[in-house]
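**Q** got a predicted structure plus its sequence, pasted below:
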Amino acid sequence: MPARGFMRNFRPLEILTEEQMESIHRGSLDVLEHTGIRFESEKALKLFEKNGCKVDFENKRVRFPPGLVEECLRRCPTSFHLRARNPKNDLNLSANNPTYFCVFPGMRTVDIDTWEPRTPTIEENHNAVKVLDSLEHVHLSVSYVPYCELEGVAPAMLLPTSCWSRMKYFTKPFRVGQAEESWLWGIQMAQVLDIDVFGSFESAPPLTWYGDAIECAWAHAEAGFPIEVGCGAVLGGTGPATFAGGLVASNAEMMSGIVLVQLLRPGLGTIANCFVFPQNMRTGAPGFGQIGISLFQAGYTQMWRAKYGLPTLLGACGPMASKLPDAQYGYEKAMACTIGALSGGSIINAIGGLHGELTYHPVVSVLDNDMAGMIGRFLEGLHVNEETLALDLIQQVGPIPGFFLGESHTRENWHKEQFVPQVFDQLTYTEWQAAGKKSAIDNAKERVNELIANYEHDLPEDKEVELDRILEEAKHYYHKKGLM
Amino acid sequence: MSVFDDLKSAVIEYNQNKAAASAQTIVDEGLDPLEGLDAISEAMTYVGNGYSTGTLWLPDLVGAAGASQAAMPILEEEIRKRGQQSKSLGTIVLGTVAGDIHTIGKSMVGVLLVAQGFRVVDVGADTPASRFVEAVREETADILALSALLTTTAPQMGKVIDALKEAGLRDRVKIMVGGGAITQEFADMIGADGYGSTAPGAVELAKKMLNLPV
Amino acid sequence: MPAKGYTQGFKPLTIMTEEQVEAIHRGSLDVLEHTGVRFESKRALKLFEKNGCNVDHETRRVRIPPGLVEECLRLCPSTFHLKGRTPKYDLSIGGRTLHWAAFPGMRGIDIDTWEPRTPTIQDNHDAIKILADLENVHLLPSYTPYCELEGVAPSMLLPTSCWSQMKYLRKPVRIGQAEDSHIWGIQMAQALGVDVFAAMESAPPLTWYGDAINCAWDVAEAGYPVEVGCGAVLGGTGPATLAAGMVSSNAEVMSGIVLVQLVRPRTPILSNAFVFPQNMRTGAPGFGRIGISLFNVMYNQMWRGKYNIPTMFGSSGPGNSKSIDYQLGYEKSIATVLTAISGASIINYVGGLTGELSYHPALSILDNDVAGMIGRFLEGVEVSDDTLALDLIQQIGPIPGFFLGEAHTREWWQKEQYVPVASDQLTYPEWEAAGKKNALDYAKEMVDQMLANYQHDLPEEQDQELDRILNEARHFYKKKGLA
């Protein structure tokens, strides 16, 4: 029985009309047919040519007939299963329901008093993973999570080490990365634990796929694991400045990746990942935390859910502009996640990431977990029936001095109607002053410590040994390649 | 309005065609191409000031730089023909390191550097250390600017620096590094001379490195 | 030309089916017809009776026939105009347009210790000056920003607050409802030739007190709009379930609307919800809770979708956090964005901090940004040949092409993006070099700048008229033994 996630019980938010979606769709097919996409891989180029595409081998440019594109889109299943180490954490990924929440990484951790970044240790990585495994509204993770940089770990070994840490302490599904052939170890480890992983396949905008990404997708397809195809334009930089143009180009990239995947293994589970930002036009960086993210995501999710029928993963909900979890961070993250979830996003990739993709902290993951629960409660919507309409009760209580607090109806129903966050400040002013003016962050710090202390490690000894062996093998491999 | 004013306003208006045409007119009418470069420089300063005070933005900087780049080769060709000295602020070799295909960062920086009057040799993306060494030697570079976006490819920057040392060229060139995953600590650790976290910041850094007014 | 609100470019979010909407509507009519609503006002009881309602004068209970309810709902205009001090502050309320208002706090807050403190009249003036110049504040409710002022007797709080708003805000304001304060509000409005609107807020469950009734009555007769509001705390003064809470709240608001339409037909109405789930540990309203959002979205679906009457919300203004932190950021923004995209006409959002207990001008500057962000989202995505940019995509092609230097980018990026003003947008090294300033630091700086730049432009004689009216109020309450 897969993890329930949050079941939205109303029509999702839709900000595009049918006609607008059609215009964007036609635009994408046009780009695929006339402009074409660059694929840096001989074997990919050959595969495309064999299946009716026009391939310019010199410029590595592939032009796709619309019929092939639309057929491959149709081959993608609208829902599929991911097996976790703990079966109650299995996921049912679907275009429509449920909505799950996912971890978002940061390169390094932060000092929780000064908010300055610093490199985390492997032990800190393990502990952060343990917290994530225990958080009730975290359902899955992406690759190199939570940290991308670890003290004493050579760059080539970062992804394999991160994967190994998750294999040990995270009993929920996760993604395997595409850099430096790290999928070789990820796939092996997954097979040892007999769990599903999904592979990363992220484009290089505009309109380009590089070797790493293609090899990763190819390996996952051959192993039978689902693939997350992703776009990541920065609008005004690596993509057009307009949302509509950004959707045309991003969707075209996505579709070309999906064609490759579906040619390799028809019917393979495919996730549509959105990691698109407006460009910060002062610094040139992606515009983390901007409202433009939500406008793009809402349109993207609507198209991939309603028109193409794929589950979506919304990555731009994770990294924010603020450097600490303050009011700016609160509103940036909350709005992106809320709109993403309302639009019908299958996976909200948000928990724990702080600034850009540069920092992460377990305290933030605990705070975000509460926010996820709140949004999830909203998704579950309303119950309207005789019991909840309570006309007889309203009649019975009447006007003032009547009130509802002592009624059995209140006792029976309030828990079902309300969501009570775990770490947020719920006190009145006087209680708050008396309790030492504790903030949500103070409460979250305490919860992090509790979760780590109470974590129960339950991986069988022989599996643990196998994982360690594979990590050693990876070390030798990169050593031989001169990358260590 | 003189043709130099036309050239200046073409850059400020981001108009590549008009900038190229004005440059060509300067050449055809036998006017001083160095004065043409000065006009471009004034225009870029104006746009740069707008950026610093927040009234103009990156697309404006890059748009003006694009217009400059349409005009500059025409003027520089004429300068060479006349045997004059081009007033390049310095030569910068620029590229993304081996294994890394991201170009947007270095492209932004490159365009801004050219517009400021630097001579930029862009060796492209996924560039091996040996190619950087070769370019530094051949072009007599004042600055080597290295870009990397990923944590897995950033260490290549260290390899480039090692290769320069081996070739006896390390002391002859200043090295700046940049990219999403790069930090000041990393730059210090590999022995780079400077680190810029934004594209306009890289231009400022280049000027500082060569003791030019910022 | 009225002030620019934000016009919604896509269908509002709805979370109920047609059948659920009808069930709630039927339930509300049922409560009005059988349970009835208590009105503490002789003249109101007489007016209801005269118009066909079943009135029990002893228990002061009014039972209203469904036909009268639905007729009075139909009399409410779908849009109306509010005059500001000059036309650029005028507002056109309703339709698919959202306007923003401030949310009050009883007191101010020390921004370093987060301890509440009583503000002075000057603090109030200064906070209003900032609200006057914030582009995403279009109007104010009553007793805003502060409900408590040093040295001001309780009965004089509303008149003093109104006087301060009239002097410095330039934008429309609400008046009332306590202690006949609307009398002075009406006079001040007439002195300046501006519009005001009345507060008429129920006492849940199903009760109206004299203050609210008198305010609505007198203001409607003076020709101004009325904001009829409900404020149940679900599980306390209202049922614990959202559906029943909506039935009961609807019934209250409908009964208030019937009264106003009987007093003066076709009076413009704002339907206001200030409903919270109850915090079941402390008994206080559950500020910042997700139940607020569920209720507001339902409320919009009923009042905007079914009755086509403009709505106003206060419940997303305050959070439960005691400081301007992560919790406050998400509490306020989640509820506000949901309320906005479900079709609200006015959201009282800017500046309110904890419960209704604190307010700070620095927060009003942060909230102004968020209001702009939400407003930009509401406007939606433009899909046209220009924005689809197919030719440009073809021209740029794959890597190494990029869009930054293109004329299309220069032309469009500012129309597509919303760039917040008081927000940290720096890279890590820039942030460290700039002293690690966060959004609140920027907002604090802007408070000082905005106060320095404010231009007071009320004509001398109007300024004096306002002072005279305030003095009259003082005598009035003194005679009543209330000041």
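**A** Arrived safely, thanks for sending.
**Q** which residue ranges of chain B form strands?
**A** For chain B, the strands defined by DSSP state E cover B:91-97, B:119-127, B:143-147, B:174-178, B:194-196.
**Q** just say which of those strands is most tucked in.
**A** strand B:143-147 (a mean of 28; mean count of other Cβ atoms under 10 Å in any protein chain shown). The way it works is simple: take the backbone N, C-alpha and C, and place the C-beta from them, glycine included.
**Q** now do it: which elements does it pack against?
**A** Applying 3 or more Cβ pairs under 8 Å, 6 or more residues apart in numbering or on different chains; DSSP states H and E, we find strand B:143-147 packed against strand B:91-97, helix B:104-116, helix B:129-139, helix B:155-166, strand B:174-178, helix B:199-209.
**Q** mean pLDDT added to the strands of chain B, as a markdown table?
**A** A markdown table is the format used below for the strands of chain B (pLDDT from 0 to 100):
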| stretch | mean pLDDT |
| --- | --- |
| strand B:91-97 | 94 |
| strand B:119-127 | 90 |
| strand B:143-147 | 95 |
| strand B:174-178 | 95 |
| strand B:194-196 | 90 |
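**Q** quick one: which of those strands is nearest B:G54?
**A** Nearest to B:G54 among these is strand B:194-196 (19.4 Å), distances taken as Cβ to Cβ.
**Q** pLDDT below threshold where in chain C?
**A** Counting by pLDDT under 70, chain C shows low-confidence ranges at C:1.
**Q** break down the stretch 51-200 of chain A into its helices, ranges please.
**A** Ranges of helices in the stretch 51-200 of chain A, per DSSP state H, counting those that start in this stretch, are A:66-75, A:122-134, A:155-169, A:183-193.
**Q** and the first one, C-alpha only, in PDB?
**A** So the one you mean is helix A:66-75. In PDB, the C-alpha atoms belonging to helix A:66-75 read as follows (Å, rounded to 0.1, in the frame of the first residue of the first chain):
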ATOM      1  CA  PRO A  66       5.400  15.600 -34.900                       C
ATOM      2  CA  GLY A  67       3.800  12.100 -35.200                       C
ATOM      3  CA  LEU A  68       6.700  10.500 -33.400                       C
ATOM      4  CA  VAL A  69       6.700  13.100 -30.700                       C
ATOM      5  CA  GLU A  70       3.000  12.700 -29.900                       C
ATOM      6  CA  GLU A  71       3.200   8.900 -30.100                       C
ATOM      7  CA  CYS A  72       6.100   8.800 -27.600                       C
ATOM      8  CA  LEU A  73       4.200  11.100 -25.300                       C
ATOM      9  CA  ARG A  74       1.300   8.800 -25.400                       C
ATOM     10  CA  ARG A  75       3.500   5.800 -24.400                       C
END
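**Q** that one close to chain C?
**A** No - Helix A:66-75 lies out of reach of chain C by Cβ under 8 Å from any Cβ of the partner chain, never closer than 14.5 Å.
**Q** looking at chain C, which residue is nearest chain A?
**A** As assessed by Cβ to the nearest Cβ, chain A sits closest to C:G329 within chain C, at 2.1 Å.
**Q** using PDB, list the CA coordinates for the helix or strand hosting that residue.
**A** C:G329 is part of helix C:326-341 when elements are defined by DSSP states H and E. Extracted in PDB, the C-alpha atoms of helix C:326-341 (Å, rounded to 0.1, in the frame of the first residue of the first chain):
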ATOM      1  CA  TYR C 326       9.700  32.400   8.700                       C
ATOM      2  CA  GLN C 327       6.500  31.400  10.400                       C
ATOM      3  CA  LEU C 328       4.900  34.800   9.800                       C
ATOM      4  CA  GLY C 329       6.100  34.800   6.200                       C
ATOM      5  CA  TYR C 330       4.400  31.500   5.400                       C
ATOM      6  CA  GLU C 331       1.300  32.000   7.600                       C
ATOM      7  CA  LYS C 332       0.400  35.300   5.900                       C
ATOM      8  CA  SER C 333       1.400  34.500   2.400                       C
ATOM      9  CA  ILE C 334      -0.300  31.100   2.000                       C
ATOM     10  CA  ALA C 335      -3.600  32.400   3.200                       C
ATOM     11  CA  THR C 336      -3.300  35.500   1.200                       C
ATOM     12  CA  VAL C 337      -2.400  33.900  -2.100                       C
ATOM     13  CA  LEU C 338      -5.200  31.400  -1.700                       C
ATOM     14  CA  THR C 339      -7.700  34.100  -0.900                       C
ATOM     15  CA  ALA C 340      -6.500  36.200  -3.800                       C
ATOM     16  CA  ILE C 341      -6.700  33.500  -6.500                       C
END
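**Q** which pLDDT value goes with A:A221?
**A** Listed pLDDT for A:A221 reads 94.
**Q** so the least confident helix or strand in chain B by mean pLDDT, near chain A or not?
**A** Every helix and strand in chain B was compared by mean pLDDT, DSSP states H and E; the lowest is helix B:104-116, with a mean of 86. Yes - Helix B:104-116 comes into contact with chain A (Cβ under 8 Å from any Cβ), by way of B:104-105, B:108.
**Q** closest to C:S293 out of these?
**A** B:I104 (38.5 Å).
**Q** quick check: the gap between the closest one and chain C.
**A** Distance of B:I104 to chain C, computed by Cβ to the nearest Cβ, to the nearest Å: 5 Å.
**Q** returning to that earlier point: report all helices and strands that the helix holding C:G329 contacts.
**A** With contacts taken as 3+ Cβ pairs under 8 Å, 6+ apart, helix C:326-341 sits against helix A:327-342, helix A:362-380, helix A:440-454, helix C:290-300, strand C:346-350, helix C:361-379.
**Q** which other helices and strands contact the next helix-or-strand element following the last one?
**A** By that I understand helix C:361-379. Counting by DSSP H and E, the element after helix C:361-379 in chain order, helix or strand, is helix C:385-388. For helix C:385-388, the contact count by 3+ Cβ pairs under 8 Å, 6+ apart identifies helix A:18-30, helix A:243-264, helix C:407-416 as packing neighbours.
**Q** quick one: the following helix or strand past the last one near chain A?
**A** Which is helix C:407-416. Per DSSP H and E, helix C:407-416 leads on to helix C:428-433 as the next helix or strand towards the C-terminus. Yes - contact of helix C:428-433 with chain A (Cβ under 8 Å from any Cβ) involves C:428, C:430-432.
**Q** list buried residues within those residues.
**A** Among the residues of helix C:428-433 next to chain A, those buried by neighbour count (16 or more other Cβ atoms under 10 Å in any protein chain shown) are C:428, C:431-432.
**Q** what parts of chain B come near chain A?
**A** When proximity is defined by Cβ under 8 Å from any Cβ, chain B lies next to chain A at B:54, B:57-59, B:101-102, B:104-105, B:108, B:150-155, B:180-181, B:183, B:197-200.
**Q** about what we covered before: A:Q20 is nearest to which of the strands of chain B?
**A** For the strands of chain B, proximity to A:Q20 was assessed by Cβ to Cβ; strand B:119-127 is nearest, at 35.5 Å.
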